[in-house]
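Enquirer: I'll drop the sequence and a predicted model, then ask my questions.
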Amino acid sequence: MKGEAKPLVKFLDGADNRFIIPVYQRNYDWKQDNCKQLYNDLVKVIKDKRKSHFFGSIVSSSYEGHGEYLIIDGQQRITTISLLLLAVVNLVKEEILSFENPILRDKIWETYLIDKFAETNKVRLKHVKHDSEAFEKLLFETKKEYDNSSNVTQNYHYFYNRIKDLRELTLDEIYLAIKKLEIIDIFLHKEDNAQLIFESLNSTGLELEEGDKIRNFVLMSLEPKTQEDFYKKYWHKIEQNTNYEVSTFIRDYLTLKQNRISSFKHIYIDFKEYVENNSLEIDTVLQDLLEYSTIYKNIINNSIGNKKVNIVLARINQLEMSVTYPFLLSLFQYSNVNSIDIDEVICVLEVIEIYLFRRFITSIPTNALNKIFMTLHKDILRHKKENDSYCEVLIFILLSKTGSGQFPNDEEFIRLFSTKNLYHIIPKNREYLFDRLEAENNIEASDIIAKMREGIYSVEHIMPQTLTLQWKKELGENAEEIYQKWIHRIANLTLTAYNSEYSNRSFAEKRDLPEKGFKESGIKLNQYISNFSNWTETKLEERQIHLNEKALQLWPFPKTDFVPEEKPEEIHSLDEDFDFTGYYVKAYSFDEITEKVKSWSEMFVAVVKLIYEKNSAVINRLADKSDFLSMMRNTSTGYVQIAELVYLYKDNSTMSKINVLKKIFDECHIDKELLFFEIYLKNDVTEL
């Protein structure tokens, strides 16, 4: 097996050459995003007068006949170039566009697409199954025969329409750009195991992390000496600051910069577009990344510089709420520039901590938090006037949240704090809970969490998990009922270093055990318990009242006198279980687009059209389904056209629109959290 660098067209050239996609390959699955990226690269090749553009490697081997090759790896690229060339040829055939050099149409058709001398099977590129039929229809059938449910067809349409409508390049320039695509041609001989190599390429190989792709993007275009300088000056420090979790850090960085959340698999693409769309210089971007990565390091290491700030940060990190990081990055960067008073910063962090913990106790889903913390800093600055307190504005905004973004009030918080099973929660949250209850607001660093992790301390059931005859007698005639009700509630839980020795002993024995009993314990939680003479439901209720009072002191409901000039909007995503009925929609964000709208109907139609641009095959399949009445092939009352022969019903309720969108997103395998809405309450206005 050996590789040779050569132009792609030289690989494809040859009067008798045929390229066959073996049956063990997956179907053609490049999306329109991939086609868009390829065409953008071709435009740059011409505009920047590049000599060549690397297009990856293609692995092939001999097939049965002379000039026939199996494509082991590279079918996506070969197919896509074939579709682009076919779009060019058809635009000339239909006399929509023309070549300056008229012989190019026939050259492309006969050199890269078909074998005109073959009696049968004239197609040079033989696809897998369904793709083969769709490709041959594009070559030989009329438009009405095209298979619009195939990605092959839809990507052909993308190239055809972009070339026809935008005309960024002439047809001659498109062909010239394709000629500049360079590949590594890897040919396998008979002694090479093609299947084994295919599996190695597609199954066992490790994909580059998004952070690795970004590193290559920012460094590879530089001169070798500059690459080395920038790596040492910026990139290596960024890696160290983020504990080498560069992908995760840059996702948070992009969130605060772009006001939208990148999916983990698109971090590199989104970063590249952020740099290019804003015409940013590489050193400027790296400098900014380094500044934010330094803040990031201080956040994840609880090392901002102030003792109280670090303690509260440690508690937020203990709750594993990295969802707050885009906001915290913005907060500390803003604090550095504007010199916010440290007490103000502490106030902000404590409110965030209380908000997170109360939501955990009341079991509110966390999926709304991404959007809340994505915009929180900008929301604060939008409402904050020069003399307003940053923390006061923050409190107002969080208290204004409803639904899945709500800040639980005292009644709801205490009701769940009293009754929730707080033993069977994830270890980090359990450690956080007992650390706070024991250490309270002591600014000295607590060692409770460390001792729990090391197994020195463990959670003790005062009334044991095994209900012995002795305990049944102590609890009274309703022992079983009391046990079922209270066993895992916070009133029955404490900390001890002697869990195994306590076992199922009676309350009196646990309390009075020499040197190890509650009376002798240095844990404050146990000192309170040691004052009881027995452990009955009355005592459980009494301790619960005591713990409720402590909880309201540790996690108080914040208050503010701040009144904004305008009411803040809410942001909710499609993946939330939120009832949008009774709300106006002000704007939506999806697929790098943020648009203001006047109604839910306007948003609905716009989003479906955006989805159609990239997933037209799926939308066409939905339109053909007899049980999906939200889409039709023919227009009717209440329907609006979103594409040729695709009509969408828009005169339904707000929640019906939301449910239809969820169905479409599921069918297209699009993450529902990528679509979110800026909404505000209506005032007796008929729903649109």
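Expert: Yes, it's here. Everything quoted here is computed from the prediction, not taken from an experiment. Residues are numbered from 1 along each chain as shown.
Enquirer: For the stretch 101-250 of the chain, give me the ranges with low pLDDT.
Expert: The model of the stretch 101-250 of the chain has pLDDT under 70 over residues 128-129, 190-208, 224.
Enquirer: Can you show me the strands along it?
Expert: Taking DSSP state E, counting those that start in this stretch as the test, the strands found in the stretch 101-250 of the chain are 125-126, 181-188.
Enquirer: and what of the stretch 501-650 of the chain?
Expert: 570-573, 583-590, 593-596, 631-632, 639-643, 646-649.
Enquirer: tell me the mean pLDDT over the last one?
Expert: Strand 646-649 carries an average pLDDT of 94.
Enquirer: Tell me which stretches of the stretch 551-688 of the chain form helices.
Expert: Taking DSSP state H, counting those that start in this stretch, the helices of the stretch 551-688 of the chain run over residues 600-624, 654-668.
Enquirer: Dump those helices into CSV; add mean pLDDT, mean neighbour count and distance to V323 as well.
Expert: Where you see a C-beta, it was placed from the backbone N, CA and C, and this is true even at glycine. Formatted as CSV, the helices of the stretch 551-688 of the chain follow (pLDDT from 0 to 100; neighbours: other C-beta atoms under 10 Å; distance: least, C-beta to C-beta, whole Å):
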stretch, mean pLDDT, mean neighbour count, distance to V323
helix 600-624, 93, 20, 24
helix 654-668, 95, 18, 21
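Enquirer: among the strands of the stretch 501-650 of the chain, which is the most enclosed?
Expert: strand 570-573 (a mean of 24; mean count of other C-beta atoms under 10 Å).
Enquirer: List the contacts of S330.
Expert: Residues in contact with S330 (C-beta atoms under 8 Å, 6 or more residues apart in numbering) are 256, 377-378.
Enquirer: if we go to 10 Å?
Expert: S330 makes contact with 252, 255-257, 292, 295, 373-374, 376-378, 380-381, according to C-beta atoms under 10 Å, 6 or more residues apart in numbering.
Enquirer: for those, which one is nearest H266?
Expert: Taking C-beta to C-beta as the measure, T255 is the one of the contacts of S330 closest to H266, at 12.6 Å.
Enquirer: In terms of helices and strands, where is the closest residue to the closest one other than its chain neighbours?
Expert: Take T255 and drop its neighbours on the chain: the residue closest to it by C-beta to C-beta, 6 or more residues apart in numbering is P326, 4.2 Å away. Taking DSSP states H and E as the criterion, P326 maps to helix 325-338.
Enquirer: Which positions within the following helix or strand past that helix qualify as buried?
Expert: Following helix 325-338 in sequence order, the next helix or strand is helix 342-361 (DSSP H and E). For helix 342-361, the buried set under the neighbour-count rule, 16 or more other C-beta atoms under 10 Å, comprises 345-361.
Enquirer: cool, and stretch 370-385?
Expert: Those would be 370-377, 379-380, 383-384, for stretch 370-385 by 16+ other C-beta under 10 Å.
Enquirer: Could you work out the most separated pair of those residues?
Expert: Going by C-beta to C-beta, the pair spanning the buried residues of stretch 370-385 furthest: N370 and K384, at 22.7 Å.
Enquirer: Point out the most buried one among the strands of the stretch 101-250 of the chain.
Expert: Each of the strands of the stretch 101-250 of the chain was scored by mean neighbour count; the highest is strand 125-126, a mean of 22, by mean count of other C-beta under 10 Å.
Enquirer: if we can go back for a sec, could I get the contacts of S330 in CSV, plus columns for distance to S330?
Expert: Converted to CSV, the contacts of S330 look like this (distance: C-beta to C-beta, whole Å):
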residue, distance to S330
D252, 10
T255, 10
L256, 5
K257, 10
Y292, 9
I295, 9
F373, 9
M374, 10
L376, 8
H377, 4
K378, 8
I380, 9
L381, 9
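Enquirer: Those residues in helices, which ones?
Expert: If you go by DSSP state H, the contacts of S330 have 252, 255-257, 292, 295, 373-374, 376-378, 380-381 in helices.
Enquirer: What residues of the helix holding P326 count as buried?
Expert: By neighbour count on 16+ other C-beta under 10 Å, the buried set for helix 325-338 is 325-335.
Enquirer: Then stretch 282-300?
Expert: By neighbour count with 16+ other C-beta under 10 Å, stretch 282-300 contains the buried residues 282, 285-286, 289, 292-300.
Enquirer: what about the closest residue to S446 other than its chain neighbours, distance to I352?
Expert: Distances taken as C-beta to C-beta, 6+ apart put A439 closest to S446, at 3.8 Å, once the chain neighbours are dropped. Shown here: A439 relative to I352, a distance of 19 Å by C-beta to C-beta, to the nearest Å.
Enquirer: what's the lowest-pLDDT member of the buried residues of stretch 282-300?
Expert: Minimum pLDDT for these is recorded at I282 (93).
Enquirer: right, and that one touches L222 too?
Expert: Yes. Here I282 reaches L222: they are 6.9 Å apart, a contact under C-beta atoms under 10 Å.
Enquirer: Common neighbours of these two, please.
Expert: F230.
Enquirer: Give me the pLDDT value at the residue nearest to T255.
Expert: At P326, pLDDT is 97.
Enquirer: Same check on L313?
Expert: So L313 comes in at 95 (pLDDT).
Enquirer: Also Q32?
Expert: In this prediction, Q32 carries a pLDDT score of 91.
Enquirer: Just to check, it is in contact with D591?
Expert: No. Q32 lies out of contact with D591 (C-beta under 10 Å); the separation is 11.1 Å.
Enquirer: list residues touching both of the two?
Expert: Common neighbours of Q32 and D591 (C-beta under 10 Å, 6+ apart) are 613-614.
Enquirer: who has more neighbours, those two?
Expert: Q32 (18 against 14; other C-beta atoms under 10 Å).
Enquirer: what about the more buried one, distance to E440?
Expert: Counting by C-beta to C-beta, the gap from Q32 to E440 is 57 Å.
Enquirer: Over to K524?
Expert: Plainly put, K524 is 8 Å away from E440 if you go by C-beta to C-beta.
Enquirer: quick one: average confidence on stretch 494-501?
Expert: Per-residue scores along stretch 494-501 average to 91.
Enquirer: any chance you could map the helices in the stretch 201-350 of the chain?
Expert: 210-220, 224-230, 236-241, 246-258, 267-277, 282-300, 307-318, 325-338, 342-361.
Enquirer: Find the nearest non-adjacent residue to E133, please.
Expert: Here the residue nearest E133, using C-beta to C-beta, 6+ apart, is D147, at 6.6 Å.
Enquirer: For that neighbour, give me its contacts.
Expert: 130-131, 133-138, 141, 153-154, 617, 620.
Enquirer: got it, and E566?
Expert: Taking C-beta under 10 Å, 6+ apart as the criterion, E566 is in contact with 382-383, 680.
Enquirer: could you redo these as CSV and give each row pLDDT?
Expert: Output for the contacts of E566, formatted as CSV (pLDDT from 0 to 100):
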residue, pLDDT
R382, 90
H383, 91
Y680, 85
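Enquirer: quick one, which of the helices of the stretch 201-350 of the chain is nearest to L629?
Expert: Nearest of the helices of the stretch 201-350 of the chain (C-beta to C-beta): helix 267-277, 35.4 Å.
Enquirer: The closest one: which residues count as buried?
Expert: 267-271, 273-275.
Enquirer: Nearest to L433, out of those: which one, please.
Expert: I267 (33.6 Å).
Enquirer: tell me the centre residue of this protein?
Expert: The centre of the chain sits closest to S263, judged by C-alpha atoms, centre = their mean, with a distance of 3.2 Å.
Enquirer: wait, what's in contact with that one?
Expert: Counting by C-beta under 10 Å, 6+ apart, S263 has contacts 251, 269-270, 670-671, 673-674.
Enquirer: how about 6 Å then?
Expert: Contact partners of S263, counting by C-beta atoms under 6 Å, 6 or more residues apart in numbering, are D671.
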